[in-house]
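Asks: just the structure for this:
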Amino acid sequence: MQKKFVIVFFGLVVGLGLISCHRNRDEAANTNTDTPAATAPAPSTGGTAMSNSDLENAVKAKIQSDDQLRSVGINVNADADKKEVTLSGTVPSQDLRSRAVDLAKSAQDGLTVNDKIDVKPAA
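Replies: Residues are numbered from 1 along each chain as shown. Below you'll find the predicted structure:
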């Protein structure tokens, strides 16, 4: 009888240890702060609420993924409650302006993008 108790107890201890290790590994993976913004995963459009800064960061990451847009510095302001972002700044071509708007729209489903980007060709 005592031998069965020891075996069951040992099994419980090992099982709890494995569960604890698994949880610690998952928590460590979720708190990695070394990930650059450009490679951050796209935010979930599921039932979780997004903050203004989360939405701004998601749009900025999309824009930063484009080599030409990264160098022009587009400003992003977000209102997550309205699912709306405003892009501003100056780009040298209409093509870059359109690309910035398209990338911003791709950051989240149903996102409204207010385009305040000026086009001023390089002199």
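
Asks: what residue ranges in this structure score low on pLDDT?
Replies: 1-48 (pLDDT under 70).

Asks: and with 50 instead?
Replies: For the chain, the stretches with pLDDT under 50 are 30-42, 44-45.

Asks: domain map for it?
Replies: 1-34, 38-119 (automatic domain parsing).

Asks: for stretch 54-65, C-alpha coordinates in CSV please.
Replies: Taking Å, rounded to 0.1, in the frame of the first residue of the first chain, the C-alpha atoms of stretch 54-65 are listed here in CSV:
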residue,chain,number,x,y,z
ASP,A,54,-0.6,48.9,-30.4
LEU,A,55,-2.3,50.0,-33.6
GLU,A,56,0.3,52.7,-34.3
ASN,A,57,3.1,50.2,-33.8
ALA,A,58,1.4,47.7,-36.1
VAL,A,59,1.0,50.3,-38.9
LYS,A,60,4.6,51.6,-38.3
ALA,A,61,5.9,48.0,-38.6
LYS,A,62,4.2,47.6,-41.9
ILE,A,63,5.6,50.9,-43.2
GLN,A,64,9.1,50.1,-41.9
SER,A,65,9.0,46.8,-43.8
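
Asks: would you mark the buried spots in that stretch?
Replies: For stretch 54-65, the neighbour count (16 or more other C-beta atoms under 10 Å) marks 54-64 as buried. Every C-beta, even on glycine, is put in place using the N, C-alpha and C of the backbone.

Asks: any chance of those in CSV, plus secondary structure?
Replies: What follows is those, written out as CSV (DSSP: H, G, I helix; E, B strand; the rest coil):
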residue, secondary structure
54, helix
55, helix
56, helix
57, helix
58, helix
59, helix
60, helix
61, helix
62, helix
63, helix
64, helix
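
Asks: would TSV of these with distance to residue 87 be doable?
Replies: Below are the buried residues of stretch 54-65 laid out as TSV (distance: C-beta to C-beta, whole Å):
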residue	distance to residue 87
54	17
55	12
56	11
57	14
58	13
59	8
60	10
61	14
62	11
63	8
64	13
